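Engineer: Okay, here's the prediction I keep looking at, along with the sequence it came from:
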Protein chains: 2
Amino acid sequence: MSDCDTCLVRNRAICAALSPDELGALSKLGRKQMVTRGQTLVWEGDEALVVANVIQGVLKLSVSTADGREQIVGVVFPSDFIGRPFGKESPYGVTALTDAEVCIFTRASFDGFAKDHPDLQHKLLQRTLDELDRARQWMMLLGRKTASERIATLLLEISNRLGSSSCSAITPFLDEFELPMDRQQMGDVLGLTIETVSRQLTKLKDADMIELPDRRRVVIKDRRRLENIALAA
Amino acid sequence: MSDCDTCLVRNRAICAALSPDELGALSKLGRKQMVTRGQTLVWEGDEALVVANVIQGVLKLSVSTADGREQIVGVVFPSDFIGRPFGKESPYGVTALTDAEVCIFTRASFDGFAKDHPDLQHKLLQRTLDELDRARQWMMLLGRKTASERIATLLLEISNRLGSSSCSAITPFLDEFELPMDRQQMGDVLGLTIETVSRQLTKLKDADMIELPDRRRVVIKDRRRLENIALAA
DNA sequence: GTGCAACATTGACCTAGGTCAAAAGGCTCA
DNA sequence: TGAGCCTTTTGACCTAGGTCAATGTTGCAC
């Protein structure tokens, strides 16, 4: 790595807390790395040896049971931070949902750097608090929402996160976008089966709330109505 | 407040990051407060004006839908930290499950203090990362586990948390304990109904894995077997 | 182009857990 | 000691979503 100046997420990742000098020092510790769809960066249960910033692409955090059930417990977008600084094995795996580019550090070197940079830790704390709030909203979804409420929530969430993480961060959300995951993975985020996901999508399509031009593409045609469903009102 | 020296959680709460001097300064900003069972400290959606450390008792963090469905998204025990430092309205309510005692600060004063004490922020970050991991484990439970797996997991979790937060922190867990919540609240943590909770408990009792001397008391008779169920293996 | 393999949809049926309703305990207060 | 009120348990029934099994799609290799 070297040219943080041209980094796509320079001003949105935790790096934004750093001065040009500090950034230079941090950049010596890390390097940019491409990850291809399906590639796993960290295995569930392994000692977490690396942390990273997402520059491009989308990755999942996931947990599995011994008998093969899987739950996706987080989806990370550009500018998000990956990993468990300050010790501990990773309780979830990290796998690319799309081709992606990350800015990767060994945990040891990152921890060392962070110890001397309170501003960085402060940004990390804020980010972690936000992530925790999001996780808790998702607990409500998993514990209490119906299948259609879940699907509506997911579509809006992806629309928002892709919107605010898009290069042209003008738009707060997108009305047309590419799903960064397949049906199975949607099910794994929502605690549903692939069949239920498919059925609910067709239902939303039949009700003219969305369009599905192809497997991956989604067009939101009636955001208001979709939001009403998502809110479980 | 004044005598942090005699505080039950002095060495386990985030305060442990502070020197006696610093602790003195912080203690001037906060005060101890009793909370009675059922009392709400923070309302869902309100500007989060306070943060606190739990000294005694157990509290819940909960989210509700417009139509009255509730999900408990967190349970906090002695030495745990409550609240959302650094801005934002609280996305969940905080309510006492048992009579409790907390050490409470206005968010503004706490934020100010934290800004000048990186060690405190560091502890807070670690705690938040742990809490996030716990939330994600719970997402797996809510998304993919069966009713009996959920109940087994909850009983073990409470046994562990009560054990490690008990004054006599000798025991890593307890084989006999008082549930800090009723059946409805167990359902709200687990994403189940009260009836299902009840039925599953009787099933575990009939299978001789637990005893239920009274409504609130639980005796774990066969931890091994309970763990096997909880792990969804 | 065609053939194949992976993904997605649809249909028929099943079941875990929800719902509704009725007992059965347990506390509290007199 | 018993009346009244909760909380919990139990039972009978129902349904959202899971399971299993075809049937369509789509994209890619050759």
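Structural biologist: Looks like it arrived, so ask away.

Engineer: and the most centrally placed residue in chain A, what does it touch?
Structural biologist: In chain A, the centroid-proximal residue (Cα atoms, centre = their mean) is residue A:76; its distance is 1.6 Å. Each residue near residue A:76 by Cβ atoms under 8 Å, 6 or more residues apart in numbering or on different chains is listed here: A:54, A:58, A:59, A:60, A:61, A:82, A:94. C-beta here means a position set from N, CA and C on the backbone, and glycine is covered the same way.

Engineer: Compare those residues and tell me which is most surrounded.
Structural biologist: Neighbour counts for the contacts of residue A:76 peak at residue A:59, which has 28 neighbours (criterion: other Cβ atoms under 10 Å in any protein chain shown).

Engineer: what's near enough to touch that residue?
Structural biologist: A:35, A:41, A:75, A:76, A:82, A:94, A:95, A:96, A:97, A:100, A:102.

Engineer: What ranges does chain A have for its helices?
Structural biologist: Remark: helices assigned in chain A by DSSP state H are A:20-29, A:107-115, A:118-144, A:147-165, A:183-190, A:194-206, A:223-230.

Engineer: would a markdown table of these with mean pLDDT, mean neighbour count and distance to DNA strand C be doable?
Structural biologist: A markdown table is the format used below for the helices of chain A (pLDDT from 0 to 100; neighbours: other Cβ atoms under 10 Å in any protein chain shown; distance: least, Cβ to the nearest atom of the strand, whole Å):
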| stretch | mean pLDDT | mean neighbour count | distance to DNA strand C |
| --- | --- | --- | --- |
| helix A:20-29 | 94 | 14 | 36 |
| helix A:107-115 | 95 | 16 | 32 |
| helix A:118-144 | 97 | 21 | 9 |
| helix A:147-165 | 94 | 20 | 11 |
| helix A:183-190 | 98 | 21 | 3 |
| helix A:194-206 | 98 | 16 | 3 |
| helix A:223-230 | 97 | 16 | 17 |
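
Engineer: Reformat those into a markdown table and put distance to residue B:204 next to each item.
Structural biologist: Shown next, in a markdown table, are the helices of chain A (distance: least, Cβ to Cβ, whole Å):
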| stretch | distance to residue B:204 |
| --- | --- |
| helix A:20-29 | 50 |
| helix A:107-115 | 40 |
| helix A:118-144 | 21 |
| helix A:147-165 | 29 |
| helix A:183-190 | 29 |
| helix A:194-206 | 29 |
| helix A:223-230 | 36 |
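
Engineer: so which of these gets nearest chain B?
Structural biologist: Closest to chain B of the helices of chain A is helix A:118-144 (Cβ to the nearest Cβ; 3.1 Å).

Engineer: which helices and strands sit right next to that closest one?
Structural biologist: On a contact count with 3 or more Cβ pairs under 8 Å, 6 or more residues apart in numbering or on different chains; DSSP states H and E, helix A:118-144 meets strand A:70-76, helix A:107-115, helix A:147-165, strand B:59-64, strand B:70-76, helix B:118-144.

Engineer: How is chain A divided into domains?
Structural biologist: A:4-134, A:145-230 (automatic domain parsing).

Engineer: among those domains, which is nearest DNA strand D?
Structural biologist: Between DNA strand D and the domains of chain A, the shortest gap by Cβ to the nearest atom of the strand is with domain A:145-230, which sits at 3.2 Å.

Engineer: For beta bridges, what are the partners of the residue lying closest to residue A:43 once chain neighbours are set aside?
Structural biologist: Closest residue in space to residue A:43, ignoring its immediate chain neighbours: residue A:93 at 5.3 Å, by Cβ to Cβ, 6 or more residues apart in numbering or on different chains. Taking DSSP bridges as the rule, residue A:93 bridges to residue A:62.

Engineer: from what I can see residue A:93 touches residue A:61, true?
Structural biologist: Yes. Here residue A:93 reaches residue A:61: they are 7.1 Å apart, a contact under Cβ atoms under 8 Å.

Engineer: Nearest residue to residue A:75 in space, please, no chain neighbours.
Structural biologist: Nearest non-adjacent residue to residue A:75, counting by Cβ to Cβ, 6+ apart: residue A:60, 5.6 Å away.

Engineer: need the contact list for the one you found.
Structural biologist: Each residue near residue A:60 by Cβ under 8 Å, 6+ apart is listed here: A:72, A:74, A:75, A:76, A:94, A:95, A:96, A:97, A:181, A:185, A:188, A:189.

Engineer: The third one - how many residues pack around it?
Structural biologist: By the criterion of other Cβ under 10 Å, residue A:75 has 22 neighbours.

Engineer: Pretty sure it sits against residue A:57.
Structural biologist: No. Using Cβ under 8 Å, residue A:75 is not in contact with residue A:57, being 11.2 Å away.

Engineer: nearest spatial neighbour of residue A:220, skipping sequence neighbours?
Structural biologist: Of all residues not flanking residue A:220 in the chain, residue A:175 sits nearest, at 4.8 Å (Cβ to Cβ, 6+ apart).
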